[in-house]
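*Asks:* Make a model of this:
(chains A and B)
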Number of protein chains: 2
Amino acid sequence: MSTPLKIARLNANQSDFAEHLDALLAWEGVSDKAVNDRVEEIIAAVRANGDAALVEYTERFDGLSVDSMAGLILDRARLELALERITPEQREALSVAAERVRSYHEHQRQDSWRYTEADGTLLGQQITPLDRVGLYVPGGKASYPSSVLMNAIPAKVAGVPEVVMVVPTPRGEINELVLAAACLAGVDHVFTIGGAQAVAALAYGTESVPQVDKIVGPGNIYVATAKRAVFGQVGIDMIAGPSEILVVCDGQTDPDWIAMDLFSQAEHDEDAQSILLSPDAAFLDAVEASLNRLIGDLERDAIVRVSLETRGALIKVDDLEQACVLTNRIAPEHLELSVADPEALLPQVRHAGAIFMGRYTPEALGDYCAGPNHVLPTSGTARFSSPLGVYDFQKRSSLIFCSPDGASELGKTASVLARGESLTAHARSAEYRIKP
Amino acid sequence: MSTPLKIARLNANQSDFAEHLDALLAWEGVSDKAVNDRVEEIIAAVRANGDAALVEYTERFDGLSVDSMAGLILDRARLELALERITPEQREALSVAAERVRSYHEHQRQDSWRYTEADGTLLGQQITPLDRVGLYVPGGKASYPSSVLMNAIPAKVAGVPEVVMVVPTPRGEINELVLAAACLAGVDHVFTIGGAQAVAALAYGTESVPQVDKIVGPGNIYVATAKRAVFGQVGIDMIAGPSEILVVCDGQTDPDWIAMDLFSQAEHDEDAQSILLSPDAAFLDAVEASLNRLIGDLERDAIVRVSLETRGALIKVDDLEQACVLTNRIAPEHLELSVADPEALLPQVRHAGAIFMGRYTPEALGDYCAGPNHVLPTSGTARFSSPLGVYDFQKRSSLIFCSPDGASELGKTASVLARGESLTAHARSAEYRIKP
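*Replies:* Residues are numbered from 1 along each chain as shown, chains lettered A, B, ... in the order given. Predicted structure coming up:
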């Protein structure tokens, strides 16, 4: 019997609850000057020396020595080989997942639109895909084939002609599942580079690596810092914090199921956060017992223990309404509504990255194959941001085509407003189009 | 007769054209350590001292002394008073503009969607407005009522319940047009504060200023630096570079009109960029003559001269196809297609913030009242970003509601993939839902 798990037990009505919750949720991403300086230096070297810098850094940081950049390029044939090499069971599972992710994301594609006014003036938006997107895939232990699907497929559904993937292969270790996923997702080029140097190569281009318009995908602190540094030069997706789950349960789900759902988040890393809300105190006791009973069986029990003891909590609420109020305060990345009628709660949930409804929808299904994206806003940013989607790989140009009559009328209004702002060249430009 | 304007003349086929164009377009936003440190200090003071810090900074930076925070709040009645105080002509022009902007943006509102699979599993996205948005409006000379309309109306169309505006009033100078625009746009609260302290107040909240979820609107380097610093705590819109226009003309538009269109961009500030592309060399000469003839009449001729001489260019191209290739290289904020058949060029234009089509659609109409937003991606970021829109004030939550049958099937796939990633708690959580 292992040491009992010391997970926080809170009551939403205790007088110091707000302070407890604030402390539990507090998360400030590290912003280390040493890391910043190192990253700036790497970016400058890649901009100056291109491929040569990539070869050198890959030897230094990834322990992988190659004669030239050609040794860091994998072609489509190599991706197809990976798809052959994995087990039939894995190939089938990856294919099912890719197909479901694609089919869901096709609902997100947005089309150009326009309308014409009575005087013949046309207004609208032309919606087009990005030209070229870079996908960062971490190497080593955090190299997840599911992330390849979740990042590359929405880009392809958006119509992005070229998706360039970078994935470090420390000491030459290649993850065949990752390459197989890249093959299924339709990735166009793969370079076995990583770290800040890979981000710099994508942002500025080298002799071999094509310059992209946007970089997506998770990475360590060097990757995150480099993405922040090149933002503006290229687009980036969010800078993700630790992963989180908030489970709301009415007390009627099997406590072992809920315990395992909490574990599934906690096993990501020590900073991951798992919180359970229930109006049923006895149920919270039962889940705590399940956690203690099941933790011993977990492969990643050490990580889970640190995560649950430092960032987890079991919280007693008055009722499901109070649970929804807290949900909106937390704005969780993943929200599991393990209740009899999740649909009834939906209108009260304003902020959550993804909502897993009912007892049969654990987060793990969404992580892999339900269809929706698993790249979601963390650390409360669901208050103002959205899951990664096709819309992140499309952009819009406004369309304005004034008829002579329309321009004449609009010119009068624009002239008054422009003069009100003392922008008289604006006013004159508009006035030229007013009919005499 | 003033000194002839020294505007760059280039030919797209000259051997060093690419280098010339790169140099012309180069723009790196300043990132001044002194400004960064000052901004960090101001943010820390506002977080620590709230309203008191705002009162103190407003006295120090804006020369406006008040007894308490109450002196920095304008209520709805004050906004309505402003709407009465402006001229009837201005009131009419603002109302027309507000109504057209609202009507255009209503086309952008996105609705929640869902679909149900054969086994009863439901998938979709719930789309909701942000709770509260902050709008920064610069004070003094760059205080533009049109910006109030362009930022606040899309938020209101999205359904944001609370829009909080901040606008500094140096030495107590109030811009009645700005308040009148806020009144028409439906702004809920106005605080007469500015600079980094206003951004900090919106991001973290004070006793009087409510904490918001996203901050939009233009500002000086302190405001831009503060927005970058609070990003993550709240959402922000883009950090804008100098404004730009690219005019493509077939040589058949009145050269005075094109000259004034170029001026209207150049008058914004010395860093603004105006570029003209035409296959007709004689037309470029004619426009250059118009620029020289008309510049003397401009109120802001000194600014225009610096802008055109340092960042402007008249470029000869082979044909309109080559003009489109260059357009995509430049990815301009504003693109004016002053040609006989702009519709024919549209499929070749991949990157532009807004496209002004035909001879009767000068940018000035779009800046004020055509309907589309005037907050647009600058400095080539139209390659990957979009005009400000209703979609910037809505966010999405994925919906997943598995039926027991659906969960059983998905559980098998998730289990294989999770084990492939060594995430065994994920696998077990999925396996609990597989039917025996």
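
*Asks:* Provide a list of residues in contact with A:D32.
*Replies:* Listed by C-beta atoms under 8 Å, 6 or more residues apart in numbering or on different chains, the contact set of A:D32 reads A:I221. Bear in mind the C-beta positions are built from the backbone N, C-alpha and C, glycine included.

*Asks:* Find me the pLDDT at it, would you?
*Replies:* Looking at A:D32, its pLDDT stands at 76.

*Asks:* how near is it to chain B?
*Replies:* 16 Å (C-beta to the nearest C-beta, to the nearest Å).

*Asks:* Number of residues surrounding A:H268?
*Replies:* For A:H268, the tally of surrounding residues (other C-beta atoms under 10 Å in any protein chain shown) stands at 23.

*Asks:* my read: it touches A:S243, true?
*Replies:* Yes - look at A:H268 against A:S243 with C-beta atoms under 8 Å: they come within range, at 4.9 Å.

*Asks:* In the stretch 251-400 of chain A, mark out all the strands, start to finish.
*Replies:* Counting by DSSP state E, counting those that start in this stretch, one finds strands in the stretch 251-400 of chain A at the ranges A:273-278, A:313-316, A:334-338, A:354-357, A:394-401.

*Asks:* now swap in the stretch 51-200 of chain A and tell me
*Replies:* A:73-74, A:113-116, A:122-129, A:132-136, A:162-166, A:189-191.

*Asks:* partners of the shortest one in the sheet?
*Replies:* Put plainly, it is strand A:73-74. strand A:189-191 (antiparallel) (DSSP bridges).

*Asks:* how about low-confidence regions in the stretch 151-300 of chain A?
*Replies:* For the stretch 151-300 of chain A, applying pLDDT under 70 flags no range at all.

*Asks:* let's see it at 90
*Replies:* Within the stretch 151-300 of chain A, the ranges that satisfy pLDDT under 90 run A:219-221, A:228-229, A:231-232, A:238-241.

*Asks:* which parts of it sit against chain B?
*Replies:* A:177, A:213-214, A:232, A:234-235, A:239, A:254, A:256-257, A:260-261, A:263-264, A:266-268, A:298-300 (C-beta under 8 Å from any C-beta of the partner chain).

*Asks:* now the strands of the stretch 251-400 of chain A as TSV including mean neighbour count?
*Replies:* Formatted as TSV, the strands of the stretch 251-400 of chain A follow (neighbours: other C-beta atoms under 10 Å in any protein chain shown):
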stretch	mean neighbour count
strand A:273-278	27
strand A:313-316	22
strand A:334-338	28
strand A:354-357	26
strand A:394-401	26
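
*Asks:* what would the ones you listed look like in TSV with distance to A:A158?
*Replies:* Formatted as TSV, these follow (distance: least, C-beta to C-beta, whole Å):
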stretch	distance to A:A158
strand A:273-278	31
strand A:313-316	39
strand A:334-338	24
strand A:354-357	20
strand A:394-401	5
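
*Asks:* for those strands, which one sits closest to A:E207?
*Replies:* Nearest to A:E207 among the strands of the stretch 251-400 of chain A is strand A:394-401; the distance by C-beta to C-beta comes to 27.9 Å.

*Asks:* Just checking: what are the partner strands of that closest one?
*Replies:* Its sheet considered, strand A:394-401 pairs with strand A:122-129 (antiparallel), strand B:354-357 (parallel) by DSSP bridges.

*Asks:* could you dump those to a markdown table with distance to A:L294?
*Replies:* Output for the strands paired with strand A:394-401, formatted as a markdown table (distance: least, C-beta to C-beta, whole Å):
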| stretch | distance to A:L294 |
| --- | --- |
| strand A:122-129 | 45 |
| strand B:354-357 | 57 |
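
*Asks:* how about the ones you listed in JSON lines, adding mean pLDDT and distance to A:D22?
*Replies:* Shown next, in JSON lines, are the strands paired with strand A:394-401 (pLDDT from 0 to 100; distance: least, C-beta to C-beta, whole Å):
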{"stretch": "strand A:122-129", "mean pLDDT": "98", "distance to A:D22": "41"}
{"stretch": "strand B:354-357", "mean pLDDT": "98", "distance to A:D22": "43"}
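
*Asks:* among the ones you listed, which is nearest A:A286?
*Replies:* Nearest of these (C-beta to C-beta): strand A:122-129, 49.9 Å.

*Asks:* Show residues contacting the closest one.
*Replies:* Against strand A:122-129 from outside (C-beta under 8 Å, 6+ apart): A:110-117, A:155, A:158-161, A:393-401, B:104, B:107-108, B:346, B:349-351, B:355, B:357, B:370-372, B:387.

*Asks:* List buried residues within these.
*Replies:* Buried members of these, scored by 16 or more other C-beta atoms under 10 Å in any protein chain shown, are A:155, A:158, A:160, A:393-401, B:104, B:107-108, B:346, B:349-351, B:355, B:357, B:370-372, B:387.

*Asks:* I'd like to know which of the strands of the stretch 251-400 of chain A lies nearest to A:R91.
*Replies:* Per C-beta to C-beta, nearest to A:R91 of the strands of the stretch 251-400 of chain A: strand A:354-357, 26.6 Å.

*Asks:* Give me the contacts around that closest one.
*Replies:* Contacts of strand A:354-357 (C-beta under 8 Å, 6+ apart): A:333-337, A:342-343, A:346, A:349, A:362-363, A:365-366, A:372, A:374, A:376, A:387, B:122, B:126, B:397-402.

*Asks:* And the most centrally placed residue in chain A, what's its pLDDT?
*Replies:* Central residue of chain A (C-alpha atoms, centre = their mean): A:V375, 2.8 Å from the mean position. Looking at A:V375, its pLDDT stands at 95.

*Asks:* ok, the closest residue in space to it that isn't next to it in sequence - contacts?
*Replies:* Spatial nearest neighbour of A:V375, excluding adjacent residues (C-beta to C-beta, 6 or more residues apart in numbering or on different chains): A:L388 at 3.7 Å. Contact analysis of A:L388 by C-beta under 8 Å, 6+ apart lists A:M150, A:N151, A:P154, A:V216, A:D237, A:N373, A:V375, A:L376.

*Asks:* Next: A:A182.
*Replies:* Applying C-beta under 8 Å, 6+ apart to A:A182 gives the contacts A:L79, A:A82, A:V137, A:V148, A:A152, A:M165, A:V190.

*Asks:* Next one: the second one relative to chain B, how far apart?
*Replies:* Noted for A:A82: a distance of 13 Å to chain B, by C-beta to the nearest C-beta.
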